[in-house]
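# Mind looking at a prediction? Sequence and model below.
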Amino acid sequence: MMRTGERLSDDCLEVKPSEVRLDISSLCQLRCVLCPVAHRDGQAFIGRGVLPLSSFREFIDANPGVRTLEIGSSGEIFLNRDLPAMLRYAHDKGVKIQIDQGSNLNDASPEALEALVKYGVSILKVSIDGATQETYEKYRVGGDLRKVLGNVRAINGHKKRHGSVLPRLILQFIPFGHNEHEIGRIIVMSKALGMEIYFKINVFDEHLPLRDHTLLTKLIGYSDTSSFFRKTGMIYMRHVCLQLWRSPQVSWDGRLLGCSHNVHGVFAQDALGGRFAQEVNNERMRYARMMHLGTVPGREDIPCTSCEVFADYRKYDQWLTPDEIRQAMDRPDPYAHTIG
Ligand code: SF4
């Protein structure tokens, strides 16, 4: 049982998270080559749709302990037309909004671009995997780099007009074999756009692999999941599993998914509104947490049992520790790496 005012029970099985991942759109207009949802046959499971504004408001009102919402989604957030109204509502209620999961930023209304600044969104991460259209569209199929950069500049214009440093803009670049020659150029471009740069590792190692690992290793200390493991002794996706505690994922249709990587099954069919507080500690969520602590075996009805990340825990006999979980509750993303 949890004591009043605590966010984590002594046995690390129950939480009262101050952050939730609320997917506001699974719609997307691009066909990214290794889309993390589609590539793992998750499209049918996630489905296509947007979270209604009424559900967004109800979630905030029914969960006063939730002070941060990550709305970066399985799709593209700017395709939810209610985004400006959502940002305004969260701002009026004192709830911090971040878009750290990323956006392709190809199609955003002028109103939405200004709302990001006006309502103080803390972070906007933008996927830009190429410094030229030719390279960019090889991965972001259907994307238009010119429109993305125009939207970044529009946000910068609003920041200037409103005298705001928010949102903190992060350029996310996934280095592949076809874009590694533009790493130097993208660093220069990020500086010109007032963006920090974040190099995200391609977790599908066997697809579009780097040809030369030297530069990326020099920049961030590793270049793929294997070298990350050699350097840190940890599984690269470990921080995602910590979302079960610090920032549980709710799908656009209200299903409780636990983490942003899950396309295998649900922990609850409806975790919107006031249902969230109960479902986040239901028997299946607690069992999944025990699995990650290594105290119980996998169970067929728990999504993690079919997940390739959990297979690595078993392979390396490496489990989450109570200390790591406690730290994660206070520190949002222990493995984030940006170059300012
Ligand atoms: S094992 Fe997979 S599904 Fe379970 S929390 Fe970790 S990444 Fe998510």
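Yes, it's here.

# Tell me who's in contact with Val296.
287, 290 (C-beta atoms under 8 Å, 6 or more residues apart in numbering). From N, CA and C alone the C-beta is placed, and that goes for glycine too.

# Need the pLDDT of it.
Per-residue pLDDT puts Val296 at 98.

# now the one 4 residues further on
Looking at Glu300, its pLDDT is 96.

# Off-centre distance for the longest helix seen in the chain?
In the chain, taking DSSP state H as the definition, the longest helix is helix 145-162. Chain-centre distance of helix 145-162: 22 Å, with C-alpha atoms, centre = their mean, to the nearest Å.

# Contact residues of the stretch 151-300 of the chain facing the ligand?
Residues of the stretch 151-300 of the chain lying close to the ligand by C-beta under 6 Å from any ligand atom are 237, 240-241, 244, 258-259, 261-262.

# pretty sure Gln29 is touching Leu105, no?
No. Gln29 lies out of contact with Leu105 (C-beta atoms under 8 Å); the separation is 11.2 Å.

# So between these two, which is more surrounded?
When Gln29 and Leu105 are compared for neighbours, Leu105 comes out ahead with 25 against 13, by other C-beta atoms under 10 Å.

# Hmm, Gly150 and that one touching each other?
No. Counting by C-beta under 8 Å, Gly150 is not a contact partner of Leu105; they are 9.4 Å apart.

# hmm, back to that, what helices or strands is the helix or strand that comes right after the longest helix of the chain leaning on?
Downstream of helix 145-162, the next assigned helix or strand under DSSP states H and E is strand 168-173. If you count contacts as 3 or more C-beta pairs under 8 Å, 6 or more residues apart in numbering; DSSP states H and E, strand 168-173 packs onto strand 123-127, helix 145-162, helix 183-192, strand 196-199.

# partners of the last one, with directions?
In the sheet containing strand 196-199, the strands it pairs with under DSSP bridges are strand 168-173 (parallel), strand 338-339 (antiparallel).

# Comparing those by mean pLDDT, which bottoms out?
Ranked by mean pLDDT, the strands paired with strand 196-199 end with strand 338-339 at the bottom, a mean of 55.

# And what about the residue nearest the centre of the chain, helix, strand or coil?
By C-alpha atoms, centre = their mean, the chain has its centre lying nearest to Gln101, at 2.8 Å. Three-state call for Gln101 (DSSP: H, G, I helix; E, B strand; the rest coil): strand.

# Name the nearest residue to it, sequence neighbours excluded.
Among residues not flanking Gln101 along the chain, Gly72 sits closest, at 2.4 Å (C-beta to C-beta, 6 or more residues apart in numbering).

# What is the burial count for the one you found?
The number of residues packed around Gly72, counting by other C-beta under 10 Å, is 24.
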